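Asker: I would like the atomic coordinates for the input below:
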Amino acid sequence: MDYKIVFFDVDGTLTHHESGSISPSTKEAIKVLINKGIRVVAATGRPLSMCQEIRELGIDTFITANGAYVKHGQKVVHKVLMDKNVIKEVFEFASAENQGLSFFTEDFSMNGVKDTEILKALKETLSLNDYPAINQLIYDQEVYLMCLYAANKTVEKYIKKFPHLTFKRWHPFVLNILQEEVSKSLAIIKVLQYFDIDKSEAIAFGDGENDIDMLELVGLGVAMGNGNENLKKVADFVTKKSSEDGIEFALKMYGVI
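Answerer: Take a look at the predicted model:
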């Protein structure tokens, strides 16, 4: 199969699942793909502002905020805007309940609530070692995604309070708050349409539950050895861990590089 595009999750896939670094073999694999004319796309839960290291690999197409904001170079390919009134209502409720809430613009900010579980989740999902800034002007900006940091029991209160919103868990302590559907697979469809590439000609690499729909959509879905067990079940191939040059291993296994 002549593959024309490869989608990579970032944290735990492109990056070492423990140290957060990008291995020389992964950097070289990306370089080879680009030199062969194969499009390379980062598909991440990160906001665009936290993708500079990925941009330095030569990647210029980004699916960010778990699929809510997509940019190729300077062109916005897809975005999902949240209603300002909804943002305000959820912000006020979360502050009153003392729950962590994050906001994805092209940047990343939070509501200022802190606890050890939130910090652990920030480390695991975005490789952050500290809390981001509080954005006092959040209502005046385009917000593509909000995330709630909470256990299941807490989420029940939000579902009751906001029946018109969808709360979609993608990490043991993090949920997307959605007005309309947001996912990496929907964003991939937009990218494939933009480049006029069929999904059968696409490969996707991932390690988390928010990568399941992405791997199911494309022609070849690859789960990292360090990945989520549910993801591995839907993958066409389970490669080595991100710490063991898993990306290079899979691309060579399928003759892509």
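Asker: what does the pLDDT read for the residue lying farthest from the centre of the chain?
Answerer: In the chain, the residue that sits farthest from the middle, by Cα atoms, centre = their mean, is Ala96; the gap is 28.3 Å. Looking at Ala96, its pLDDT stands at 95.
Asker: tell me which stretches of the stretch 101-250 of the chain form strands.
Answerer: Applying DSSP state E, counting those that start in this stretch to the stretch 101-250 of the chain gives strands spanning 108-110, 145-149, 166-171, 174-178, 202-206, 220-223, 237-238.
Asker: the ones you listed: which one's closest to Val10?
Answerer: Among the strands of the stretch 101-250 of the chain, the nearest to Val10 by Cβ to Cβ is strand 202-206 (9.6 Å). Every residue, glycine included, has its C-beta placed from N, CA and C.
Asker: list the contacts of Val86.
Answerer: Going by Cβ atoms under 8 Å, 6 or more residues apart in numbering, Val86 touches Phe162, Leu165, Gln179.
Asker: cool, and Leu101?
Answerer: So Leu101 contacts Val90, Phe91, Ala94, Ser95, Met110, Asn111, Val113, Met146, Cys147, Leu148, Tyr149 (Cβ under 8 Å, 6+ apart).
Asker: restricted to buried residues, select these in PyMOL.
Answerer: One line in PyMOL is enough to select the buried members of those, burial here meaning 16 or more other Cβ atoms under 10 Å:
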select buried, resi 90+91+94+110+111+113+146+147+148+149
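Asker: now for the contacts of Leu101: which two are most distant?
Answerer: Top of the distance list for the contacts of Leu101 (Cβ to Cβ): Ser95 and Cys147, 15.1 Å.
Asker: torsion angles phi and psi at the nearest residue to Leu57 once chain neighbours are set aside?
Answerer: Spatial nearest neighbour of Leu57, excluding adjacent residues (Cβ to Cβ, 6 or more residues apart in numbering): Ile30 at 4.7 Å. Dihedral pair for Ile30: phi -60, psi -40, per degrees, to the nearest 10.
Asker: now Lys71
Answerer: phi -140, psi 130.
Asker: spatially nearest residue to it (excluding sequence neighbours)?
Answerer: Nearest to Lys71 is Phe62, by Cβ to Cβ, 6+ apart, at 5.3 Å.
Asker: close enough to count as contact, Asp9 and Gly206?
Answerer: Yes. In this structure Asp9 lies within contact range of Gly206 using Cβ atoms under 8 Å: 4.0 Å.
Asker: do you know how far the closest residue to Val10 other than its chain neighbours is from Phe8?
Answerer: Leaving out its chain neighbours, the residue that sits closest to Val10 by Cβ to Cβ, 6+ apart is Thr44, at 4.0 Å. Note on Thr44: its distance to Phe8, by Cβ to Cβ, to the nearest Å, is 8 Å.
Asker: more neighbours: which of these two?
Answerer: Thr44 (30 against 27; other Cβ atoms under 10 Å).
Asker: what sits against the more buried one?
Answerer: By Cβ under 8 Å, 6+ apart, the neighbours of Thr44 are Asp9, Val10, Asp11, Cys51, Ile54, Phe62, Ile63, Thr64, Asn66.
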